[in-house]
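A.B. asks: Here's a sequence, model it:
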Amino acid sequence: MENINQRFEQVLTHIDNNLSASFNMELLATIAQVPQYHFDFIFHSLFHTNTDDYIALLRNLEVAQQLGFDKTISIAKVAQSAGYPSEVAFDKAFSQSIGQSPQQFQQSPDWGNFFEKQQPLKTLSEGHDELSASDVNIEIVELDSIGVITIKHRTLAEYLPQTIQAMRAFRQAYQLSPATSQTFNFVYQINASENEQYNIDIAVSINDNQKATLMPLIESSEHFKLGEIPKGRFASFIHTGSDEALNQKVKYLYGTWLIEQNKKHNVELKNLPLIFEKINITEPNKQQTRVYLALV
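C.D. replies: Predicted structure coming up:
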């Protein structure tokens, strides 16, 4: 079986050969032969950008040549040919990718900057600090199954505090203290800015007695659901520090550790989201995050 690096090279080839088509994560994850939960984490860790931004860059490099050599073509026509829903969306994406607005590039293209971006993977790979194994200290752990109650956050990142507060109120109402019930996040994507969609589940562990007691309530709830972290093997590490440093360690987990373990030992990922356990959440000076990546 091909290793993960080789499979993601096939993803890049598929994207390059189908730029005019629409892409979805399910298709790309199928090509890469990895669970969809983990596709963008691996892509970002290998190529230092997320999938949507990479596809937008390639598309905008292609249409930039139209704009640069044809001073009469309309921006609206170019936006439509590139698959953008509106001129506004095209303007925003093009400016972010190319460094000039479509109008600026058409009238006075910065060809030097354009040609630098012609090798996007080389450009994107520059200027990144690499962690070492000792910086992250990844270990393999075995977990027994853990029952949880979850609340899903499926809206803008700026509203995440309200979702957290809803879980906090639920815990207080039903005596699910952080001292006795673990706190987990099921993480579905790389961090988003406040005005972007952010998908995450907030969860609290429960024992069998608590599950039996709360079952009628959960069955009638629109927001809280029963779930489970299944028994299994996980790559895991503990992090103390900033969210930015945590993101760098997650990048190492996917982009270095996983790639090496896949090549050496054929390690593959289970169809389960990345999990963060939040430790000492009531003591700001002692807070830690334990990361769990489920392995087949």
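A.B. asks: Please make it C-alpha for all contacts and neighbour counts, starting now.
C.D. replies: OK.
A.B. asks: Farthest from the middle of this structure: give me that residue.
C.D. replies: Most distant residue from the mean C-alpha position of the chain: T72, 39.9 Å away (CA atoms, centre = their mean).
A.B. asks: which SSE is I151 in?
C.D. replies: I151 belongs to strand 146-156 when assigned by DSSP states H and E.
A.B. asks: so what strands line up beside that strand?
C.D. replies: In the sheet, strand 146-156 lines up against strand 197-206 (antiparallel), strand 224-229 (antiparallel) (DSSP bridges).
A.B. asks: Identify the residues contacting the helix or strand just after the longest one?
C.D. replies: Counting by DSSP H and E, the next helix or strand C-terminal to strand 197-206 is helix 208-219. For helix 208-219, contacts defined as CA atoms under 8 Å, 6 or more residues apart in numbering pick out 147, 224-226.
A.B. asks: could the residues you listed be laid out in a markdown table, adding distance to A133, neighbour count and pLDDT?
C.D. replies: As requested, the contacts of helix 208-219 are exported to a markdown table (distance: CA to CA, whole Å; neighbours: other CA atoms under 10 Å; pLDDT from 0 to 100):
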| residue | distance to A133 | neighbour count | pLDDT |
| --- | --- | --- | --- |
| G147 | 32 | 19 | 98 |
| F224 | 38 | 19 | 97 |
| K225 | 37 | 17 | 97 |
| L226 | 36 | 18 | 97 |
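A.B. asks: sorry, back to before: the strand holding I151 versus helix 208-219: what angle between them?
C.D. replies: Between strand 146-156 and helix 208-219, the angle comes out at 30 degrees (axes from the mean of the first three to the mean of the last three CA atoms, to 10 degrees).
A.B. asks: Grab the nearest non-local neighbour of G83.
C.D. replies: S20 (7.2 Å; CA to CA, 6 or more residues apart in numbering).
A.B. asks: Wait, a helix at the one you found?
C.D. replies: No: using DSSP: H, G, I helix; E, B strand; the rest coil, the assignment for S20 is coil, not a helix.
A.B. asks: ok, it - contacts?
C.D. replies: Applying CA under 8 Å, 6+ apart, we find S20 in contact with 59, 82-83.
A.B. asks: Quick check: it vs L58, distance?
C.D. replies: Separation of S20 from L58 (CA to CA, to the nearest Å): 10 Å.
A.B. asks: check contacts around the nearest residue to S205 once chain neighbours are set aside.
C.D. replies: Counting by CA to CA, 6+ apart, V148 is the residue found nearest to S205 once chain neighbours are left out, at 4.2 Å. Residues near V148 by CA under 8 Å, 6+ apart: 203-206, 226-229.
A.B. asks: export those to a markdown table and tack on distance to S134?
C.D. replies: Below are the contacts of V148 laid out as a markdown table (distance: CA to CA, whole Å):
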| residue | distance to S134 |
| --- | --- |
| A203 | 30 |
| V204 | 31 |
| S205 | 30 |
| I206 | 34 |
| L226 | 37 |
| G227 | 34 |
| E228 | 31 |
| I229 | 28 |
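A.B. asks: Out of those, which comes closest to F39?
C.D. replies: Nearest to F39 out of the contacts of V148 is I229 (CA to CA; 20.0 Å).
A.B. asks: who's that closest one bridged to?
C.D. replies: With DSSP bridges as the criterion, I229 is bridged to I146.
A.B. asks: Quick check, it in contact with G147.
C.D. replies: Yes: at 6.5 Å, I229 counts as touching G147 under the criterion of CA atoms under 8 Å.
A.B. asks: any chance you could map the strands in the stretch 51-200 of the chain?
C.D. replies: Along the stretch 51-200 of the chain, counting by DSSP state E, counting those that start in this stretch, strands occupy 139-143, 146-156, 183-187, 197-206.
A.B. asks: Tabulate the ones you listed (a markdown table), appending distance to K249.
C.D. replies: Shown next, in a markdown table, are these (distance: least, CA to CA, whole Å):
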| stretch | distance to K249 |
| --- | --- |
| strand 139-143 | 13 |
| strand 146-156 | 24 |
| strand 183-187 | 15 |
| strand 197-206 | 19 |
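A.B. asks: what's the closest of these to K117?
C.D. replies: For the strands of the stretch 51-200 of the chain, the distance to K117 is smallest for strand 197-206, at 27.5 Å, taking CA to CA.
A.B. asks: export that closest one as PDB, just CAs?
C.D. replies: The C-alpha trace of strand 197-206 is given here as PDB (Å, rounded to 0.1, in the frame of the first residue of the first chain):
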ATOM      1  CA  GLN A 197     -17.400  28.900  10.600                       C
ATOM      2  CA  TYR A 198     -15.900  26.800  13.300                       C
ATOM      3  CA  ASN A 199     -16.900  23.200  14.000                       C
ATOM      4  CA  ILE A 200     -16.200  21.600  17.400                       C
ATOM      5  CA  ASP A 201     -18.000  19.400  19.900                       C
ATOM      6  CA  ILE A 202     -17.800  20.100  23.700                       C
ATOM      7  CA  ALA A 203     -18.100  17.000  25.800                       C
ATOM      8  CA  VAL A 204     -18.200  15.800  29.400                       C
ATOM      9  CA  SER A 205     -17.600  12.300  30.600                       C
ATOM     10  CA  ILE A 206     -20.300  10.300  32.400                       C
END
